[in-house]
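In: Structure of the sequence below:
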Amino acid sequence: MSNDWIKKHKTFFYCIHMWEFLYNFENFKRICPMGSILLKNILHEESACQILIQGNRISGILPADAEVNLPADAEVVDCTGKAVLPGFVNMHTHAGMAMMRGVGEDIVFHEWIDRIWKVESDIDEEYVYHATKVACLEMIKTGTTTFNDHYWHMPMGYKAAMEMGLRCALAYVICDRNDPVESERQKMQCREMYEYSRQWGHMSQFVIAIHAIYSVSEPLLVWAVDFARRHGLKIHIHVSETRKEVQDCMAQHGGMSPVEYLDSLGVLGPDVIAAHTLWLSDNDVKILGERVVTCVHNVNSNLKLASGYMFRYNELRDAGANVCLGTDGCASSNNLDMLETMKTSAMIQKAWRDDPTAMPLNELLAAATANAGKALGLDIGKVEEGALADLIIIDTENYNFLSPGTFLANLIYSAHSDCVDSVICDGKFVMRGRVVPGEKEILSQARHEMEGLSTR
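Out: You can find the predicted model right below:
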């Protein structure tokens with residue numbers, strides 16, 4: 001069997017490999033059923049309480065002194081000195097870039113993306129698997145329980161996320177660069193990947209990712225949107241990330257901005273997750289609001305690449321758009337820390353608007369949690385009875401919380417992500433006491449894979 005034949009039929013081998021993994025994963029879940037967890041003496045909305053988790057959902061939020069009838073196998077966890085929050089949701093990232101930090105520093109966007117594409121031309125599915133495990137490790141350590149990914153070799157991303165225990169939305173990436181042959185290949189592979197994804201469990205969802213209007217031909221873009229809507233899938237796309245993208249679009253499409261162009265094609269709607277949406281006119285804001293599009297602010301990436309900083313949060317919110325937060329990939333933001341993203345987002349809003357009341361704490365937290373649950377159609381991003389048990393436990397017994405201020409103020413403006421003590425996703429601990437199982441092995445394997453890439 002020749003290497004060329006194997007390469008041509010790589011998708012088939014992906015599917016065989018992943019079906020085997022899924023079979024083993026489902027068997028593991030049957031052998032190790034989810035139990036019950038009681039979080040005692042935990043601070044929730046400034047008051048001590050008890051939180052009962054049964055299976056993968058929050059079944060009760062009770063007074064601290066209430067008697068609780070627990071199943072025999074329940075685990076009781078004393079959370080004195082700790083507080084609970086919904087797990088953060090990273091609504092735009094490229095997890096497979098976790099080992100590309102620093103590959104394109106101090107250069108403008110169009111040079112940066114050319115360099116990234118050159119690096120990506122040399123990576124394979126094994127690289128993406130190990131990089132995604134590194135990304136998941138970092139996200140767990142910093143309090144993220146769900147991520148919306150936009151990257152290549154999706155089956156490897158799925159395998160990594162499931163092994164790490166995180167909830168995810170994983171994309172088949174559409175990006176033909178106006179090549180008709182590549183366009184037809186991607187249509188075929190997209191269909192195959194969708195069929196493969198139908199074997200997934202409840203922890204993952206399949207998303208159609210359209211890279212951008214400048215990297216996807218119009219016929220393929222329209223095909224991808226139609227495919228997504230015929231199958232009830234979310235659509236994830238970069239929109240108006242740079243001034244140049246807007247200027248080029250207006251030159252090529254009769255003065256229309258990227259938002260206006262996409263709207264003219266019938267693309268925009270509540271099922272669309274638009275990453276960046278940074279360079280927007282008043283009419284763009286109006287359209288995004290009317291179509292109830294989810295707009296994802298990626299402040300650190302935008303600042304670092306000098307793409308811009310005047311994200312129109314107030315205007316988008318008031319127009320009816322659903323605003324969320326993301327980190328972008330580590331090749332541009334250099335980390336996946338949502339707490340850092342929250343702090344920077346709020347401070348930049350306050351600064352450029354000359355308004356210290358901009359992006360208040362409750363809206364900031366919602367953009368990192370509940371709004372994302374709405375965008376993905378998931379019962380996450382809230383600490384409520386009946387919600388999915390995706391929670392983070394914050395250690396408040398340190399100098400960052402020695403303050404008369406509110407818990408949220410101390411967390412977002414004073415603390416760092418090392419205050420995230422434990423993480424629960426889908427009713428199971430994925431980190432306890434800042435220990436993630438297998439962390440050293442994950443990093444060791446990643447270093448080995450990076451050595452292989454440098455050799456190639």
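In: Just give the closest residue to residue 278, not the sequence neighbours.
Out: residue 308 (4.7 Å; CB to CB, 6 or more residues apart in numbering). Heads up, the C-betas are built off the backbone N, CA and C, glycines and all.
In: Please report phi then psi for that neighbour.
Out: phi 150, psi 170 (degrees, to the nearest 10).
In: how close does it get to residue 94?
Out: Residue 308 sits 19 Å away from residue 94, going by CB to CB, to the nearest Å.
In: which sections of the chain are below the confidence cut-off?
Out: The model of the chain has pLDDT under 70 over residues 1-34, 454-456.
In: Report the central residue of it.
Out: When CA atoms, centre = their mean is applied to the chain, the residue found nearest the centroid is residue 147 (2.6 Å).
In: The helix or strand hosting that one pairs with which strands?
Out: If you go by DSSP states H and E, residue 147 is part of strand 144-149. Strand pairing for strand 144-149, using DSSP bridges, gives strand 88-93 (parallel), strand 167-174 (parallel).
In: of all those, which lies closest to residue 153?
Out: Smallest distance to residue 153 across the strands paired with strand 144-149 (CB to CB): 9.4 Å, for strand 167-174.
In: Please list the residues outside that closest one that contact it.
Out: With contact meaning CB atoms under 8 Å, 6 or more residues apart in numbering, strand 167-174 is reached by 145-152, 154, 157-158, 161, 186, 189-190, 193-194, 197, 203-211, 216, 220-221, 224, 234, 236, 376, 378, 380, 390, 425-426.
In: do the same with stretch 201-211
Out: Residues from elsewhere that reach stretch 201-211, judged by CB under 8 Å, 6+ apart: 22, 25-26, 29, 148, 150, 158, 161-162, 166-175, 190, 193-194, 197, 200, 216, 221, 224-225, 227-228, 233-238, 273, 376, 426.
In: Buried among those? Need that as a selection in ChimeraX.
Out: Applying 16 or more other CB atoms under 10 Å to those, the buried members can be selected in ChimeraX as follows:
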select :22,25,148,150,158,161,162,166,167,168,169,170,171,172,173,174,175,190,193,194,197,200,216,221,224,225,227,228,233,234,235,236,237,238,273,376,426
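In: List the ones among the contacts of stretch 201-211 that fall in strands.
Out: Using DSSP state E, 148, 167-174, 234-238, 273 are the members of these that sit in strands.
In: Tell me the one of the residues you listed nearest residue 58?
Out: Closest approach to residue 58 among those (CB to CB): residue 167, at 14.9 Å.
In: coming back round to it: OK, contacts around the residue nearest to the centre of the chain?
Out: 89-90, 93, 95, 135-136, 139, 161, 166-169.
In: Now it: closest residue in space that isn't a chain neighbour?
Out: According to CB to CB, 6+ apart, the nearest residue to residue 147 is residue 90 (4.3 Å).
In: Would you check how far apart the one you found and residue 118 are?
Out: Going from residue 90 to residue 118 by CB to CB gives 26 Å.
In: what about the two, which has more around it?
Out: Applying other CB atoms under 10 Å to residue 90 and residue 118 shows that residue 90 carries more neighbours, namely 30 against 11.
In: Show the contacting residues for the more buried one.
Out: Per CB under 8 Å, 6+ apart, neighbours of residue 90: 139, 144, 146-148, 325-327, 336, 338.
In: okay, these in CSV with distance to residue 124 next?
Out: Compiled in CSV, those are given as follows (distance: CB to CB, whole Å):
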residue, distance to residue 124
139, 23
144, 26
146, 26
147, 22
148, 23
325, 31
326, 26
327, 24
336, 22
338, 29
